[in-house]
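Asker: Sequence and computational prediction follow.
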Amino acid sequence: MDLLSIKDPSFLKGMSNKELEALGQDIRQFLIEKLSVTGGHIGPNLGVVELTIALHKCFDSPKDKIIWDVGHQSYVHKILTGRASEFDTLRQFKGLCGFPKRIESEHDVWETGHSSTSLSAAMGMAIARDLKKEKSFVVPVIGDGALTGGMALEALNHIGHEKKDMIVILNDNEMSIAPNVGALHNILGQLRTAGKYQWVKDELEMLLKKVPAVGGKLAATAERVKDSLKYLFVSGMFFEELGFTYLGPIDGHNFDNLFESLSYAKKTEGPVLLHVITKKGKGYQPAESDKTGTWHGTGPYKMDTGDFVKPNKKQPPAWSSLVSETVRKLARSDERIVAITPAMPVGSKLEGFASEFPERMYDVGIAEQHAATVAAGLATQNMKPFLAIYSTFLQRAYDQVVHDICRQNLNVFIGIDRAGLVGADGETHQGVFDIAFLRHVPNIVIMMPKDENEGQHMVYTAVNYDDGPIAMRFPRGNGVGVPMDTEFHTIPIGTWEVIKEGDDAAILTFGTTIPMAMDAAMLLEKQGISVKVVNARFIKPLDEKMLTGLLDKNIPLLTIEEAVLQGGFGSAILEYAHSQGYYHAQIDRLGIPDQFIEHGDVGSLLEEIGLTTEGIIKRISTLARKKQQRA
Ligand SMILES: Cc1ncc(C[n+]2csc(CCOP(=O)(O)OP(=O)(O)O)c2C)c(N)n1
Ligand SMILES: CC(=O)[C@@H](O)[C@H](O)COP(=O)(O)O
Ligand SMILES: [Mg+2]
């Protein structure tokens with residue numbers, strides 16, 4: 001079938017299962033080909049081909065609300081809703097978003113990216129439907145990994161209590177990014193093997209009702225039998241006890257099973273949970289046999305061999321590897337160190353640590369709040385927890401950082417990974433808010449290294465810092481490639497470093513924006529403007545001694561950060577200058593403006609917001625000119 005000709009899912013209504021199977025193969029082939037060039041979440045999407053087709057055949061989107069939890073598995077949905085032609089631009093600057101996007105289509109009824117929000121959103125939509133006395137189905141699709149997220153459990157609790165009509169599709173492929181973890185995962189395992197108890201329950205009821213005369217009395221007894229059947233067949237009774245009608249488990253690649261259970265679910269009152277078993281990566285052998293999560297989200301690959309396309313020249317180590325491997329080295333002589341990841345062992349490159357210290361490595365599932373407070377609990381017992389967490393996912397644990405870690409001034413080392421623009425994952429994943437939401441919290445130290453050598457020393461500093469919580473932020477991707485010292489040393493807390501002298505102006509910056517600051521300073525030198533460049537590697541506490549010295553020189557200052565301006569590092573400099581009475585200090589700031597930054601390559605995103613060498617030169621030149629005018 002020509003997928004590019006699809007305008008909306010209505011064409012599915014008249015298709016036979018055989019035709020749908022052929023369509024599924026066409027979609028698989030299309031995804032494997034397109035994503036071999038663009039990269040993306042190939043594994044999750046290959047796993048939901050039949051499920052997505054079945055949902056769009058059984059329901060009338062967008063009147064019926066199909067909601068994709070996390071949303072990384074919504075590519076098939078996007079193909080069936082008329083966007084196949086845009087897949088060459090998937091996750092690229094101004095191209096097709098890799099997650100549901102309401103501006104893209106009326107069928108994208110809820111935007112996701114962060115896990116475990118679908119059930120709560122579904123509940124909101126169901127309440128609205130009922131208040132407006134509308135007739136429609138609300139159908140959240142949540143994965144077994146996303147189900148481990150606290151929000152999902154909060155929602156299950158509420159939905160089951162309110163008994164709202166809703167059909168929850170549990171897409172169970174036994175995988176989060178890595179193999180799924182937790183007691184819930186074990187319950188699902190029991191359910192997977194328990195077989196279809198629902199039909200046993202109904203058949204029993206029909207049989208008993210046929211018994212003449214005593215049917216009624218017997219049926220009452222049967223109710224008790226049925227309940228014991230439930231416990232007999234479905235040891236996990238977890239969902240039924242929560243007020244759901246549990247259906248399944250069924251084969252999520254079999255259209256007969258899907259249509260039979262979806263039509264049953266549509267006729268069932270109250271909340272239904274349909275447990276669908278799928279295979280992540282189905283139909284593409286390298287992805288289907290993935291046991292670790294390598295094919296969860298990938299860059300480009302060679303279709304025939306499954307080899308990932310490697311960059312032309314050797315890359316410096318990934319920042320995540322640098323940090324996690326340094327923690328691993330230190331853990332050999334420091335038994336206090338325990339690593340905690342909320343479902344990102346592969347992304348945070350903790351495999352090595354896990355293999356060497358299995359008893360000191362915890363993947364808590366998609367549970368960032370829990371991860372942060374486990375770290376706090378460990379610290380109360382004089383352990384040294386290393387909380388490895390993406391900046392964007394740390395947003396989920398804000399109160400735990402404030403209330404549990406910082407307020408009690410506990411020795412937790414937070415490794416804030418993917419700090420800064422992440423690129424293709426877009427708005428929901430840019431790691432640009434952590435400075436603004438942490439800087440105002442008492443007791444926390446926030447730092448960011450300029451390169452991987454300073455990074456290893458910062459990890460060493462953090463592990464040996466026992467005066468409270470300390471966070472080190474580092475970007476997605478690879479280091480800058482510098483020689484590495486063989487001996488660790490501590491970096492004095494709150495000290496900045498002058499990396500280029502200059503008397504006409506000063507740039508204060510850290511991490512990924514240091515190279516562009518240096519390039520700008522060198523070019524400005526040629527224009528006769530000599531600019532000092534300061535590695536402001538401690539965002540909190542500020543190096544007040546150096547900052548006061550700069551303010552006393554009364555030269556223009558420009559702060560630069562790949563983070564939001566509102567409440568960021570530049571705000572801290574403004575606050576300090578004002579608090580010390582430098583009311584006329586010339587301070588300008590470059591950073592992420594007050595808007596969400598969409599998906600695309602980081603270079604294009606920086607270009608779009610003027611966070612470039614040219615942008616810096618423009619700012620400094622303006623500041624210098626204003627200073628001359630005032631002189
Ligand atoms: C709050 C949050 N934490 C972590 C992630 C990273 N993440 C993206 S997909 C995923 C696994 C989701 O597993 P599951 O729901 O089973 O979907 P599958 O990929 O198996 O289809 C994780 C942990 C996220 N998107 N949001
Ligand atoms: C969808 C999701 O949240 C994860 O798959 C995320 O895309 C991983 O990000 P990295 O690729 O930076 O590890
Ligand atoms: Mg899964």
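Answerer: Structure received. Ligands and ions are numbered 1, 2, ... in the order given.
Asker: only C-alpha atoms for contact and neighbour calcs from this point on.
Answerer: Noted.
Asker: immediately after the lengthiest helix in the chain, which helix or strand?
Answerer: In the chain, with assignment by DSSP state H, the single longest helix is helix 17-38. Using DSSP states H and E, the helix or strand that follows helix 17-38 in sequence is helix 42-46.
Asker: What angle do helix 17-38 and the helix or strand just after that following helix make with each other?
Answerer: Tracing the chain past helix 42-46, the next element assigned as helix or strand by DSSP H and E is helix 49-58. Angle of helix 49-58 versus helix 17-38, following axes from the mean of the first three to the mean of the last three C-alpha atoms, to 10 degrees, is 120 degrees.
Asker: Can you tell me the element Leu558 falls in?
Answerer: In this assignment (DSSP H and E), Leu558 forms part of strand 557-564.
Asker: ok so, going back, give me the mean pLDDT for the longest helix of the chain.
Answerer: Helix 17-38 carries an average pLDDT of 98.
Asker: Name the residue closest to the centre of the chain, please.
Answerer: The structure's the chain has its C-alpha centroid closest to His114; by C-alpha atoms, centre = their mean the separation is 5.0 Å.
Asker: circling back to that earlier point, which elements pack onto the longest helix of the chain?
Answerer: Judged by 3 or more C-alpha pairs under 8 Å, 6 or more residues apart in numbering; DSSP states H and E, the packing partners of helix 17-38 are helix 42-46, helix 49-58.
Asker: Could you identify which of those helices is most buried?
Answerer: Neighbour counts (mean count of other C-alpha atoms under 10 Å) averaged over each of the helices and strands packed on helix 17-38 peak at helix 42-46, with a mean of 27.
Asker: So is that helix next to ligand 2?
Answerer: No: using C-alpha under 6 Å from any ligand atom, helix 42-46 never reaches ligand 2; the gap is at least 9.5 Å.
Asker: ok so, going back, what's the first helix or strand after the strand holding Leu558?
Answerer: Under the assignment DSSP H and E, the closest C-terminal helix or strand after strand 557-564 is helix 569-579.
Asker: what does that next one contact?
Answerer: Helix 569-579 is contacted by residues 435-436, 539, 551, 559-561, 565, 583, 585, 587-590 when judged by C-alpha atoms under 8 Å, 6 or more residues apart in numbering.
Asker: okay, it in PDB with CA atoms only?
Answerer: Below are the C-alpha coordinates for helix 569-579, written out as PDB (Å, rounded to 0.1, in the frame of the first residue of the first chain):
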ATOM      1  CA  PHE A 569      23.200  31.800  36.100                       C
ATOM      2  CA  GLY A 570      22.900  35.300  34.600                       C
ATOM      3  CA  SER A 571      20.100  36.100  37.000                       C
ATOM      4  CA  ALA A 572      22.400  35.100  39.900                       C
ATOM      5  CA  ILE A 573      25.000  37.600  38.600                       C
ATOM      6  CA  LEU A 574      22.400  40.400  38.400                       C
ATOM      7  CA  GLU A 575      21.100  39.600  41.800                       C
ATOM      8  CA  TYR A 576      24.600  39.600  43.300                       C
ATOM      9  CA  ALA A 577      25.600  42.900  41.600                       C
ATOM     10  CA  HIS A 578      22.500  44.600  42.900                       C
ATOM     11  CA  SER A 579      22.800  43.200  46.400                       C
END
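Asker: Could you look up the next helix or strand downstream of that helix?
Answerer: As assigned by DSSP H and E, the chain's next helix or strand after helix 569-579 is strand 587-592.
Asker: Show me what that following strand pairs with in its sheet, parallel or antiparallel.
Answerer: Strand pairing for strand 587-592, using DSSP bridges, gives strand 557-564 (parallel).
Asker: Around ligand 2, which positions in the stretch 201-350 of the chain sit nearby?
Answerer: The stretch 201-350 of the chain comes close to ligand 2 at residues 297, 347, as judged by C-alpha under 6 Å from any ligand atom.
Asker: Please report how far the residue in the stretch 201-350 of the chain that ligand 2 sits nearest to lies from Ser120.
Answerer: In the stretch 201-350 of the chain, the residue that lies nearest ligand 2 is Gly347 (4.4 Å; C-alpha to the nearest ligand atom). Remark: distance between Gly347 and Ser120 (C-alpha to C-alpha, to the nearest Å) = 27 Å.
Asker: Same question for Arg360.
Answerer: 34 Å.
Asker: mean confidence score for stretch 292-312?
Answerer: Averaged over stretch 292-312, pLDDT sits at 95.
Asker: distance between it and the chain's centre?
Answerer: Distance, stretch centre to chain centre, for stretch 292-312: 20 Å (C-alpha atoms, centre = their mean, to the nearest Å).
Asker: How about exporting it as CSV, limited to the C-alpha atoms?
Answerer: What follows is stretch 292-312 as a C-alpha-only set of coordinates in CSV (Å, rounded to 0.1, in the frame of the first residue of the first chain):
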residue,chain,number,x,y,z
THR,A,292,19.5,-4.5,26.6
GLY,A,293,17.7,-1.5,25.0
THR,A,294,20.2,-0.7,22.3
TRP,A,295,17.3,-0.6,19.7
HIS,A,296,15.0,1.4,21.9
GLY,A,297,16.1,4.6,20.3
THR,A,298,18.9,4.7,17.8
GLY,A,299,20.8,6.8,15.3
PRO,A,300,21.1,5.8,11.7
TYR,A,301,21.9,2.1,10.9
LYS,A,302,22.7,-0.2,8.0
MET,A,303,19.4,-2.0,7.3
ASP,A,304,20.9,-5.2,6.0
THR,A,305,23.4,-5.7,8.9
GLY,A,306,21.9,-3.7,11.7
ASP,A,307,25.3,-2.0,12.2
PHE,A,308,25.0,1.6,13.5
VAL,A,309,26.4,4.3,11.3
LYS,A,310,29.6,5.5,13.1
PRO,A,311,30.9,9.1,12.9
ASN,A,312,33.8,9.4,10.5
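Asker: Report whether it contacts ligand 3.
Answerer: No: Stretch 292-312 is not in contact with ligand 3 by C-alpha under 5 Å from the ion; minimum separation 9.7 Å.
Asker: low-confidence ranges in this structure?
Answerer: Along the chain, segments meeting pLDDT under 70 span 193-236.
Asker: which parts of it sit against ligand 2?
Answerer: Checking the chain against ligand 2 by C-alpha under 6 Å from any ligand atom, the hits are 72, 113, 297, 347, 425.
Asker: can we see that at 8 Å?
Answerer: Applying C-alpha under 8 Å from any ligand atom, we find that the chain lies next to ligand 2 at 41, 70-72, 113-115, 177, 296-298, 344, 346-348, 418, 422, 425, 429, 476.
Asker: that older thread, Gln369 versus the residue of the stretch 201-350 of the chain closest to ligand 2, what's the distance?
Answerer: From Gly347 over to Gln369 the distance is 18 Å, taken as C-alpha to C-alpha.
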